[in-house]
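Asks: Need coordinates for the following:
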Amino acid sequence: MLCENCGKNIASVHVTKIINGKKTEMYLCESCAGEKGELGFSFEGKFPLHQFFSSIMGFPGGSSEKVASAGYSGLQCPGCGLTYAQFGQIGRFGCDRCYESFGTNLLPLFRRLHGSQKHLGKIPARAGSHVKLKKEIERLREELQKKVAEEAFEEAAVIRDKIRKLENRISSGGEKNER
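Replies: Numbering: from 1, shown residues only. Next comes the predicted model:
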């Protein structure tokens, strides 16, 4: 396919733009794409990722000097040598040991990013029915223990019956909908 702009060179760049809900597509050669400014797709100027992570972690402006004065300068990964200040600037780990090295200082970051320090994960849709039922049973058992401790035995009996129904669903295949 030839370039839609010059009509001479082979089109090697496919540009798709959606502006106000209208989609336009162009097939350009490299020189025409460069002239039109379609090859410059760096996000660094528009969205500096390291500053985003620095602000979430509480590092003002992402400056390593400010981080060092905050008392984080002593932390360094023994595996790759990455310091906590450098992690604050680039927003990613250098190796698999960084997580252990910066462990306790990461908990506030996780709390701000995820709303919790504990990662619960996702359940695959295909295999998820049994896992979801087991999690629901676990949650109901905790609720049952609370009701027994509060001596709310009628509510505890209702929860116990729900647990039994869910356990029966698991033992019979678990795919049936409760009615």
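
Asks: can you pull the contacts of residue 158?
Replies: Contacts for residue 158 (CB atoms under 8 Å, 6 or more residues apart in numbering) come out as none. The C-beta positions use only the backbone N, C-alpha and C, and glycine is treated the same way.

Asks: could you point out which element follows the longest helix along the chain?
Replies: Ranked by number of residues, the top helix in the chain under DSSP state H is helix 128-149. In the C-terminal direction, the helix or strand that comes right after helix 128-149 (DSSP states H and E) is helix 153-171.

Asks: Next, the buried residues of that following helix.
Replies: Going by neighbour count (16 or more other CB atoms under 10 Å), the buried part of helix 153-171 is 156, 159, 160, 162, 163, 166, 169.

Asks: In TSV, list those along with distance to residue 98.
Replies: Listed next are those as TSV, based on distance: CB to CB, whole Å:
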residue	distance to residue 98
156	46
159	43
160	46
162	44
163	42
166	41
169	43
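
Asks: would you turn those residues into a markdown table with distance to residue 112 and pLDDT?
Replies: Output for the buried residues of helix 153-171, formatted as a markdown table (distance: CB to CB, whole Å; pLDDT from 0 to 100):
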| residue | distance to residue 112 | pLDDT |
| --- | --- | --- |
| 156 | 37 | 94 |
| 159 | 34 | 95 |
| 160 | 39 | 95 |
| 162 | 35 | 95 |
| 163 | 36 | 94 |
| 166 | 35 | 91 |
| 169 | 38 | 86 |
